[in-house]
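Colleague: This is a predicted model, with the sequence first.
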Amino acid sequence: DAKTTQPPSMDCAEGRAANLPCNHSTISGNEYVYWYRQIHSQGPQYIIHGLKNNETNEMASLIITEDRKSSTLILPHATLRDTAVYYCIVSDWDNYGQNFVFGPGTRLSVLP
Amino acid sequence: EPEVTQTPSHQVTQMGQEVILHCVPISNHLYFYWYRQILGQKVEFLVSFYNNEISEKSEIFDDQFSVERPDGSNFTLKIRSTKLEDSAMYFCASKRAGTEAFFGQGTRLTVV
């Protein structure tokens, strides 16, 4: 089972920031927080990951709380093309793909 | 940008037939995975592969399934005798040690 809890759905106005929360209260010290998204039935697309520091890349920012029990993915200026299911996953995977568990995710709808 | 390539994009097969799904991982990646997603359901782990052998497999990955890396570039998933319930999107993924995984666009398998 997934070790994360996410809201099942969220709406965001186009051009506004989308803030997607994730709870992972049982995360262990060597586990990273990964965010992926899936548009329709396409392959999951990597967005960002982090261990304990906040991270930013060209797609998004990841804010991880100091106790690492929750995180927030921020899409700074959401567009219609950001409509997708967003998955928050905690894992220390290399060999352990079985530990990379997709939950139901958050279905983000970006509205015009 | 390098990507994981899967072929075919859609495969229709008759129940009981063997099917092979093909994946070309990113060239310097060493860890390989297959996942599947039944329509409307979560992405599920099937198997991980490293150093020319299976590292882990899920309960779904029974004796009807096998994986192979026949020539150092391809990574295949074979289903020996397909069942109706094998109908799903199958995703291949690859990664280097300690990094994120990249997923292919998937093969839609339809068993009739």
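Modeller: Perfect, thanks for sending it. Predicted model, so just to flag it, every value in this text is computed and none were measured.
Colleague: count of neighbours near the residue nearest to B:Arg80 when sequence neighbours are not counted?
Modeller: Leaving aside its sequence neighbours, B:Arg80 sits nearest to B:Gln64 (CB to CB, 6 or more residues apart in numbering or on different chains; 4.8 Å). Bear in mind the C-beta positions are built from the backbone N, C-alpha and C, glycine included. By other CB atoms under 10 Å in any protein chain shown, 14 other residues sit near B:Gln64.
Colleague: any idea how far B:Gln64 is from chain A?
Modeller: In this view, B:Gln64 and chain A are 19 Å apart by CB to the nearest CB, to the nearest Å.
Colleague: residues in contact with that residue?
Modeller: B:79-81, B:83 (CB atoms under 8 Å, 6 or more residues apart in numbering or on different chains).
Colleague: Apply 10 Å and report the result again.
Modeller: By CB atoms under 10 Å, 6 or more residues apart in numbering or on different chains, the contact set of B:Gln64 is B:18, B:78-83, B:86.
Colleague: Serialize these to JSON lines and add fields for secondary structure, pLDDT and neighbour count.
Modeller: Listed next are these as JSON lines, based on DSSP: H, G, I helix; E, B strand; the rest coil; pLDDT from 0 to 100; neighbours: other CB atoms under 10 Å in any protein chain shown:
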{"residue": "B:Glu18", "secondary structure": "coil", "pLDDT": "98", "neighbour count": "11"}
{"residue": "B:Lys78", "secondary structure": "strand", "pLDDT": "98", "neighbour count": "13"}
{"residue": "B:Ile79", "secondary structure": "strand", "pLDDT": "98", "neighbour count": "19"}
{"residue": "B:Arg80", "secondary structure": "coil", "pLDDT": "96", "neighbour count": "13"}
{"residue": "B:Ser81", "secondary structure": "coil", "pLDDT": "95", "neighbour count": "12"}
{"residue": "B:Thr82", "secondary structure": "coil", "pLDDT": "97", "neighbour count": "21"}
{"residue": "B:Lys83", "secondary structure": "coil", "pLDDT": "97", "neighbour count": "11"}
{"residue": "B:Asp86", "secondary structure": "helix", "pLDDT": "97", "neighbour count": "20"}
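Colleague: so which pair among those is furthest apart in space?
Modeller: B:Lys78 and B:Lys83 (14.1 Å; CB to CB).
Colleague: In chain A, what residue spans correspond to strands?
Modeller: A:9-13, A:18-23, A:32-38, A:45-50, A:55-56, A:61-64, A:70-75, A:84-91, A:106-111 (DSSP state E).
Colleague: Now distance to chain B too, for these, in JSON lines please.
Modeller: Listed next are these as JSON lines, based on distance: least, CB to the nearest CB, whole Å:
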{"stretch": "strand A:9-13", "distance to chain B": "15"}
{"stretch": "strand A:18-23", "distance to chain B": "16"}
{"stretch": "strand A:32-38", "distance to chain B": "6"}
{"stretch": "strand A:45-50", "distance to chain B": "5"}
{"stretch": "strand A:55-56", "distance to chain B": "12"}
{"stretch": "strand A:61-64", "distance to chain B": "12"}
{"stretch": "strand A:70-75", "distance to chain B": "14"}
{"stretch": "strand A:84-91", "distance to chain B": "8"}
{"stretch": "strand A:106-111", "distance to chain B": "12"}
